[in-house]
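>>> have a look at this prediction, sequence included:
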Amino acid sequence: MKNIIVFIAFLVVTVWLTGCKKDNGPANSPQKPAPVVRVVQATKGTISKKLELTGSVIATCTAKIGSPAEGPVMNCEIREGDAVQKGQILLKIGRRKAADALVEATKESLSREKEELRRVEQLVKGGAIPAEELDIARLRVSRANAELSKALESAGDYEITAPWDGLVRKVYVTDGYFVAPRETLIEIYDPCSLVISAALPEKYAARIQTGTKVDVKLDAWPGDTFTGHIERIYPYLDQRLRTRTVEIALEKPVDLAPGMFARLEVMLETASDTVIVPAEAIVSTLKGNAVFIVKNEKAVRHSVETGIESDNRIEIISGIQPGDMVIVAGNDKLKDGDAVRVPGQNTSEQKGKQKAGTGGGKQ
């Protein structure tokens, strides 16, 4: 019995001591350290919204010169890349053989019509046929004379000449090649008409105007960026691709060639003297976009209105001021008013310890 009483007393003391330890535990536990964040200063500057496109160099002034008649190609001495001048003879189409046959045929036709005219005159004089038949026979002779004159005029070889100054892009024939009427012989282009052509998506078709600035990079000129502008906008959209063709002209002369590949950055809109922060500073909330700025070692949330976004930077239309230290890392789980630590900056606690340590050294 005595042992039971001692055991119960032991249990009561143990429970009481345990309760005391639980009450004193939280008071003695260390505080959770403030999270470390990285900050960047909001700045003022210029930001542009760009549209990336690809394009090709084309010549807007080209000519595909065809054959006016059939015949063999003669005196074709030009090659691709040759410069030609307006009126220069490029080649000839041999016509002599065919023309001679045509002249002989028209001469025979004229001879027959003249013989018929003499026969009609005799019949009219004898009263066998009316006088009107004589007028018809004379008209046929006149027509035969005209056909002979035309055949004689076209008896020479056809000369194919350049319509304007340019460069030969392609030669499709050689001497001795027998061509058919309207067959393409030579293609030339005007090097002064070279532009960069690009297809603009329908989404931006109504936002582009002539004169819009374009940055141009050419694979033929690696590492260089050229400045250009939209010179022409086609008035229609491609019904299949739903794109609008634009032509870009370079501000300074560049040695271009048809078919060159171009990478383009079209400036859709530009904002100057505006607040700009890194894109990582933006935090999406149910109420919209916000950023955290560090103030008195605390994260203060500011709702912001954003604008242009480009190259991992975002325009802030309203909500913060230039010079504010915005948090760009460690802001994903922050709440308004949370204590934070910035690497390289002393906290109030660290300053207090440093001050106490300095004071102790003086004693």
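Ah, there it is.

>>> when you work out contacts or count neighbours from here on, use the C-alpha atoms and nothing else.
Will do.

>>> pLDDT value on the one residue sitting closest to the centre of the chain, please?
The centre of the chain sits closest to L53, judged by C-alpha atoms, centre = their mean, with a distance of 3.1 Å. Looking at L53, its pLDDT is 94.

>>> just the element for it, please.
strand 43-59 (DSSP states H and E).

>>> sketch out the low-pLDDT regions of the protein for me.
Within the chain, the ranges that satisfy pLDDT under 70 run 1-31, 96-104, 148, 151-156, 345-363.

>>> one more pass at 50, please.
Low-confidence segments of the chain (pLDDT under 50): 6, 12-13, 15, 20-25, 27, 349-363.

>>> what residues go with each domain of it?
The record assigns the chain these domain ranges, following automatic domain parsing: 38-46+272-346, 50-61+190-271, 63-93+166-187, 96-156.

>>> now the ones you listed in JSON lines, with distance to K32?
Shown next, in JSON lines, are the domains of the chain (distance: least, C-alpha to C-alpha, whole Å):
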{"stretch": "domain 38-46+272-346", "distance to K32": "11"}
{"stretch": "domain 50-61+190-271", "distance to K32": "43"}
{"stretch": "domain 63-93+166-187", "distance to K32": "76"}
{"stretch": "domain 96-156", "distance to K32": "104"}
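
>>> about what we covered before: for the residue nearest to the centre of the chain, which non-adjacent residue is closest in space?
L264 (5.0 Å; C-alpha to C-alpha, 6 or more residues apart in numbering).

>>> that neighbour: how many residues sit nearby?
Neighbourhood size, L264 [other C-alpha atoms under 10 Å]: 24.

>>> L134 in helix, strand or coil?
When classified by DSSP: H, G, I helix; E, B strand; the rest coil, L134 comes out as helix.

>>> make 621 the starting number, not 1.
That works, and once the first residue is 621, the last one we named lands at L754.

>>> test my guess that it contacts V740.
Yes: the criterion here is C-alpha atoms under 8 Å, and L754 meets it with V740 at 5.9 Å.

>>> mind checking which helix or strand G957 is in?
Using DSSP H and E, no helix or strand contains G957.

>>> how much space between it and E917?
From G957 across to E917, the span is 9 Å (C-alpha to C-alpha, to the nearest Å).

>>> ok, those two, which is more surrounded?
Each of G957 and E917 has its neighbours counted (other C-alpha under 10 Å); E917 has more, 18 against 15.

>>> identify the bridge partners of D835.
Beta-bridge pairing for D835 (DSSP bridges): T847, E885.

>>> test my guess that A899 contacts I934.
Yes: between A899 and I934 there is a contact under C-alpha under 8 Å: 5.6 Å.

>>> the more surrounded of these two?
Neighbours around A899 and I934, counted as other C-alpha under 10 Å, are more numerous at I934. The numbers are 21 against 15.

>>> what are the phi and psi values at A826?
phi -90, psi -10 (degrees, to the nearest 10).

>>> how close does the residue lying closest to S930 once chain neighbours are set aside get to C681?
Once flanking residues are discounted, S930 sits nearest to K669: 5.8 Å by C-alpha to C-alpha, 6+ apart. Distance, K669 to C681, by C-alpha to C-alpha: 33 Å.

>>> give me the more crowded residue out of the two.
Higher neighbour count among K669 and C681: K669, with 16 against 13, using other C-alpha under 10 Å.

>>> tabulate the CA atom coordinates of the helix or strand just after the strand holding L673 in PDB.
Note on strand 663-679: by DSSP H and E, the next helix or strand toward the C-terminus is strand 682-686. The C-alpha trace of strand 682-686 is given here as PDB (Å, rounded to 0.1, in the frame of the first residue of the first chain):
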ATOM      1  CA  THR A 682      12.100  42.900-113.200                       C
ATOM      2  CA  ALA A 683      11.500  41.900-116.900                       C
ATOM      3  CA  LYS A 684      11.100  38.500-118.400                       C
ATOM      4  CA  ILE A 685      11.800  39.100-122.100                       C
ATOM      5  CA  GLY A 686      10.000  36.700-124.500                       C
END
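
>>> going along the chain, name the strands of the stretch 771-920 of the chain.
Assigned by DSSP state E, counting those that start in this stretch, the strands in the stretch 771-920 of the chain fall at 778-781, 786-791, 798-799, 804-809, 814-821, 833-838, 846-857, 863-870, 881-898, 903-905, 908-915, 918-923.

>>> surely C696 is within a strand?
No: according to three-state DSSP, C696 belongs to no strand; its state is coil.

>>> picking that back up, ok, the residue nearest to S930 to E935 distance?
For K669, the distance to E935 equals 10 Å [C-alpha to C-alpha].

>>> cool, M694 as well?
From M694 to E935 the distance is 68 Å (C-alpha to C-alpha).

>>> mind checking which of the two has more residues around it?
E935 (26 against 20).

>>> and the more buried one, that's in a strand?
Yes: looking at E935 with three-state DSSP, it is inside a strand.

>>> surely it touches Q941?
No: under the criterion of C-alpha under 8 Å, E935 makes no contact with Q941, lying 11.7 Å away.

>>> anything in contact with each of these two?
Residues touching both E935 and Q941 (C-alpha atoms under 8 Å, 6 or more residues apart in numbering): V895.
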